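**Q** A structural model of the following input is requested.
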Amino acid sequence: MNKYLRKGFIQVFVGISLCFIAPVIVSQAFNNQDHPFFLFVLIFGAILLVLAIFCGYRGINNILNGTLGPKNKLN
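**A** All right, here's what the predicted structure looks like:
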């Protein structure tokens, strides 16, 4: 298997798993607004949400580079 494909599938898997984990963390933070660590958990969940989108994008980009080849840059 091509290294781009393998890396892309791993990144997409990480992105999908973060898509399930991050909203749970954010919702738990909003359920416990009285807790002293509310803000830290909310920020951590928001970071995981952004990371999920980024990992999904990079994974799809790597899969496309693995199947279609890297972009040809015309100078």
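**Q** burial measure for Phe30, as a count.
**A** 11 (other CB atoms under 10 Å). Glycine gets a C-beta too; all of them are placed from N, C-alpha and C.
**Q** ok, it touching Val41?
**A** No - Phe30 lies out of contact with Val41 (CB atoms under 8 Å); the separation is 9.4 Å.
**Q** may I ask which helix or strand encompasses the spatially closest residue to Ala52 that is not a sequence neighbour?
**A** Among residues not flanking Ala52 along the chain, Leu18 sits closest, at 3.6 Å (CB to CB, 6 or more residues apart in numbering). Assessed by DSSP states H and E, Leu18 sits inside helix 3-31.
**Q** which residues touch the residue nearest to Ala52?
**A** Going by CB atoms under 8 Å, 6 or more residues apart in numbering, Leu18 touches 48-49, 51-52, 55.
**Q** export the residues you listed to JSON lines and tack on distance to Ile63 and pLDDT?
**A** JSON lines is the format used below for those (distance: CB to CB, whole Å; pLDDT from 0 to 100):
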{"residue": "Leu48", "distance to Ile63": "22", "pLDDT": "96"}
{"residue": "Leu49", "distance to Ile63": "22", "pLDDT": "95"}
{"residue": "Leu51", "distance to Ile63": "18", "pLDDT": "96"}
{"residue": "Ala52", "distance to Ile63": "17", "pLDDT": "95"}
{"residue": "Cys55", "distance to Ile63": "12", "pLDDT": "95"}
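**Q** mark which of those are buried, thanks.
**A** Among these, those classed as buried by 16 or more other CB atoms under 10 Å are 48-49, 52, 55.
**Q** circling back to that earlier point, check what pLDDT the residue nearest to Ala52 gets.
**A** The score at Leu18 is 94. That number is its pLDDT.
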